[in-house]
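Undergrad: Task: produce atomic coordinates for the following.
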Amino acid sequence: MIKLRRFSPADLKDVLGIEKISFPRKQVYSKSRFERYFQKCPESFIIAESKKRIAGYTIGKLEKRSAEIISLAVKPGLRQKGIGKKLTNFLISLFRKKGVKEIFLEVRTINKIAISLYRELGFKILKILRNYYRNGDDAYLMRKGI
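TA: Predicted coordinates for the structure are as follows:
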């Protein structure tokens with residue numbers, strides 16, 4: 001069973017571990033960046049737990065009438081089990097309650113599993129962002145109206 005809850009500073013070590021194994025080495029968020037997101041977005045920095053262990057996380061950022069999914073990562077051995085979907089649906093629901101009309105995100109064009117998840121949840125590709133990531137990877141800008 002997956003339990004969702006807000007991030008707490010005690011989770012930082014586990015979140016950093018998931019981050020390091022989920023993204024290219026030079027693309028990982030730093031400890032201070034996660035701390036800033038926790039300060040700025042405490043209600044939309046969400047942890048997924050499985051058997052009392054951190055299985056994944058997501059971070060969303062609320063603007064006035066729109067929101068952004070900043071990051072989503074799940075431990076490798078627990079991927080494709082619905083955890084990412086549950087985390088994303090939580091953010092969509094939270095943003096809807098806050099009156100958001102659209103949600104944006106960027107995803108690597110080579111990340112077929114994530115793209116499939118986001119499409120399944122109603123996100124559409126708006127455009128390709130060339131050389132979006134530091135390593136030169138392209139990204140899709142995706143949007144979901146709610």
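Undergrad: burial of the closest residue in space to Leu129 that isn't next to it in sequence, as a residue count?
TA: Setting aside the residues directly before and after it, Leu129 is nearest to Ala139 in space (C-beta to C-beta, 6 or more residues apart in numbering), at 4.5 Å. Every residue, glycine included, has its C-beta placed from N, CA and C. The local packing count at Ala139 equals 19, with neighbours defined by other C-beta atoms under 10 Å.
Undergrad: Ala139 and Lys52: what is the separation?
TA: 34 Å (C-beta to C-beta, to the nearest Å).
Undergrad: same thing with Lys31?
TA: When distances are taken as C-beta to C-beta, Lys31 and Lys52 turn out to be 23 Å apart.
Undergrad: Look at these two and report which has more neighbours.
TA: Between Lys31 and Lys52, counted using other C-beta under 10 Å, Lys31 has the larger neighbour count: 12 against 6.
Undergrad: Hmm, that one is touching Val15, no?
TA: No: in this structure, Lys31 is not within contact of Val15 by C-beta atoms under 8 Å, at 9.3 Å.
Undergrad: Check the contact lists of these two and give me the overlap.
TA: Taking C-beta atoms under 8 Å, 6 or more residues apart in numbering as the criterion, Lys31 and Val15 do not both touch any residue.
Undergrad: Give the phi and psi angles for the residue nearest to Val100 when sequence neighbours are not counted, as a check.
TA: Sequence neighbours aside, Ala67 is the residue nearest to Val100 in space, at 4.7 Å (criterion: C-beta to C-beta, 6+ apart). Phi and psi for Ala67, reported as degrees, to the nearest 10, are phi -150, psi 160.
Undergrad: Perfect, I'm done here.
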